[in-house]
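Undergrad: Using only what follows, build the 3D model:
(one chain, ligands or ions: 1)
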Amino acid sequence: MRINEHVLNLESSYLFSLIGQKVNKHKLERGNQNVLNLGIGDVTLPLAPVVVEAMANAVAEMGAPDSFRGYGDEQGYLFLRQAVCGYYRKKNVELSEQEIFIGDGAKSDLGNILDLFSKDNTVLISDPTYPVYVDTNKMDGRNIVYVEGTVENHFLPLPDRNLQADIIYLCSPNNPTGAVYTKEQLQMWVDYALDNSAIILFDSCYERFIQNRDLPTSIYEINGAKECAIEFCSLSKTAGFTGVRCGYTIVPKELIRDGASLNALWLRRQSTKFNGVSYITQRGAAAVFSDQGLLQTEENIQYYMENARLITQRLDSLGIWYVGGVNAPYVWMKCPDDMTSWEYFDHLLSSAHVIGTPGSGFGSKGEGFFRLTSFARRRDIIAALERF
Ligand code: PLP
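TA: Now for the predicted structure:
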C-alpha cells in the first residue's frame with residue numbers, strides 16, 4: 001500500500017493551533033486574563049425556536065411506529081428541496097427540485113464535488129481564501145493558479161484573461177475578507193467561465209448577511225450562470241447549524257461538460273458515497289425557510305450585523321483601513337504601522353488581551369492584514385473594542 005503523496009505533502013494546518021498555543025502561554029504568563037475572542041468563526045446564538053420545535057416533532061415521529069422513517073430520499077427530502085426552491089423563487093431564481101442536493105454542510109460538498117473533475121484541470125483561487133479550496137485540490141495534485149486580492153481591488157479580484165483555468169472558486173460574501181461582488185463583477189466572472197468552458201464553484205454560505213439589496217445573493221442572478229456554475233450554501237452561519245449540520249448544493253440541469261450532465265454525475269456520486277442527512281435535521285432545516293423561521297433567523301443575523309457595525313465604527317474612528325463588515329460578518333483590516341499579521345496578533349494579545357485571526361493564515365496576500373468576526377457575544381465585542 002502506498003499513501004497518496006499529495007496528502008503526505010500537505011502543509012500542516014497550524015493557524016488555529018498556533019493561536020491556541022499563544023493564548024495559553026499568554027494566560028500562563030499574565031495570570032488568567034479575560035482574553036476576548038474576535039477571531040471566532042463559529043456562531044454563538046442558539047437555534048431559532050421554530051427550528052427546535054420542528055426537530056422535536058421529528059424526534060417524536062421517529063419514535064412512533066406509524067411515522068418512523070429509515071433511509072430518506074437520495075437528494076434529500078422533497079419537502080426541504082421544495083422549501084429551498086421557494087426561497088430562491090423570492091430571489092427571482094427558478095430552480096427545480098432535481099437541481100437541489102441536501103448535504104451535511106458546505107465543506108463536505110465543496111471537497112466531494114472534486115470527484116467529478118479530472119486531476120489535470122487547472123484551478124483558479126483568490127488569494128487570500130478560505131483554505132479548504134486550496135487543500136482539497138492539493139490532495140488531488142491539481143495545478144492551482146491565484147488571482148490576488150489587494151487594497152486597490154478591495155479584495156475583489158476580477159478575471160485575468162491571460163490566465164487559463166478550468167475550475168474557478170468564488171466566495172461572496174467572502175471569508176476571510178467580508179468583501180462582496182456586485183452583479184457586474186460576477187457577470188465578468190461568468191463571461192470568463194463561459195469563454196473558457198470552465199466551471200465556477202460559487203460559495204454563498206454568507207448570502208443572508210447581505211444587507212444591500214442591489215448585491216447578488218446567488219450566482220444564478222447572473223445571466224448565463226446556469227451554464228457554468230454550481231452553488232454551495234449552508235445553514236451553518238445563517239441559522240446556527242454549525243453543530244446540527246445541513247447545507248445544500250445546486251447543480252443546474254443546463255450544466256453540461258464533455259457531453260455529460262453534471263447534475264446526473266453528482267447524483268451518481270452522492271448516491272454511491274453519501275446516505276443523506278437525518279430526517280430530524282432536514283425538518284429543522286425546512287423550518288428555517290418557513291415565514292416564521294426566516295423572521296427568527298433574521299433576528300440573529302441582525303444581532304451579528306450590529307456587532308459588525310460596532311467593529312467598523314471603531315475602526316473608522318481609529319482611521320484603520322478595512323473591507324467587509326457591511327454585508328458580511330467578517331471585517332478584514334490592515335494591520336497598523338506596517339506590522340505583519342502575526343506581529344499584530346502578538347501586539348493585540350499582549351497589550352489588549354484581544355485575539356483575531358492573522359490574515360497570512362489565509363494566503364500570502366493576507367500578510368499584513370487581520371480578520372475580525374462578529375460572531376462573538378455583544379458584551380465581548382463591546383469590551384474588546386474598548387481595549388482596541
Ligand atoms: N465555506 C465558507 C466560506 C466558510 O467560511 C465555511 C465555514 O466556515 C464553510 C464553507 C463550511 O461551512 P459548513 O459548516 O456548512 O461546512
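Undergrad: and the stretch 101-250 of the chain, which of its residues are near the ligand?
TA: Proximity of the stretch 101-250 of the chain to the ligand is confined to 105, 106, 107, 130, 171, 175, 203, 205, 234, 236, 242, 247 under the rule C-beta under 6 Å from any ligand atom. In this view, the C-beta of every residue, glycine as well, is placed from N, C-alpha and C.
Undergrad: The residue lying closest to residue 37 once chain neighbours are set aside: neighbour count?
TA: Computed as C-beta to C-beta, 6 or more residues apart in numbering, the closest residue to residue 37 that is not its neighbour in sequence is residue 355, at 5.4 Å. When neighbours are defined as other C-beta atoms under 10 Å, residue 355 has 22 of them.
Undergrad: Contacts only, for residue 355.
TA: Contact analysis of residue 355 by C-beta atoms under 8 Å, 6 or more residues apart in numbering lists 19, 23, 35, 36, 37, 38, 39, 345, 348, 349.
Undergrad: and which of these is nearest residue 309?
TA: residue 38 (14.0 Å; C-beta to C-beta).
Undergrad: close enough to count as contact, that closest one and residue 382?
TA: No: if you go by C-beta atoms under 8 Å, residue 38 and residue 382 don't touch, sitting 11.3 Å apart.
Undergrad: How much space separates the residue nearest to residue 37 from residue 347?
TA: Residue 355 is 11 Å from residue 347, where distance means C-beta to C-beta, to the nearest Å.
Undergrad: for residue 284, what are its contacts?
TA: 47, 51, 52, 54, 55, 58, 241, 244, 246.
Undergrad: What helix or strand is the residue nearest to the third one when sequence neighbours are not counted located in?
TA: Think residue 52. In space, and not counting its chain neighbours, residue 52 is closest to residue 284: 7.7 Å by C-beta to C-beta, 6+ apart. Here residue 284 sits within helix 279-288, counting by DSSP states H and E.
Undergrad: Convert that helix to PDB, retaining C-alpha atoms only.
TA: Provided in PDB are the C-alpha atoms of helix 279-288 (Å, rounded to 0.1, in the frame of the first residue of the first chain):
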ATOM      1  CA  TYR A 279     -34.800  13.400   8.900                       C
ATOM      2  CA  ILE A 280     -34.700  15.300  12.100                       C
ATOM      3  CA  THR A 281     -32.100  17.700  10.800                       C
ATOM      4  CA  GLN A 282     -34.000  18.200   7.500                       C
ATOM      5  CA  ARG A 283     -37.200  19.000   9.300                       C
ATOM      6  CA  GLY A 284     -35.300  21.600  11.300                       C
ATOM      7  CA  ALA A 285     -33.800  23.000   8.000                       C
ATOM      8  CA  ALA A 286     -37.200  23.200   6.300                       C
ATOM      9  CA  ALA A 287     -38.400  25.200   9.300                       C
ATOM     10  CA  VAL A 288     -35.700  27.800   8.600                       C
END
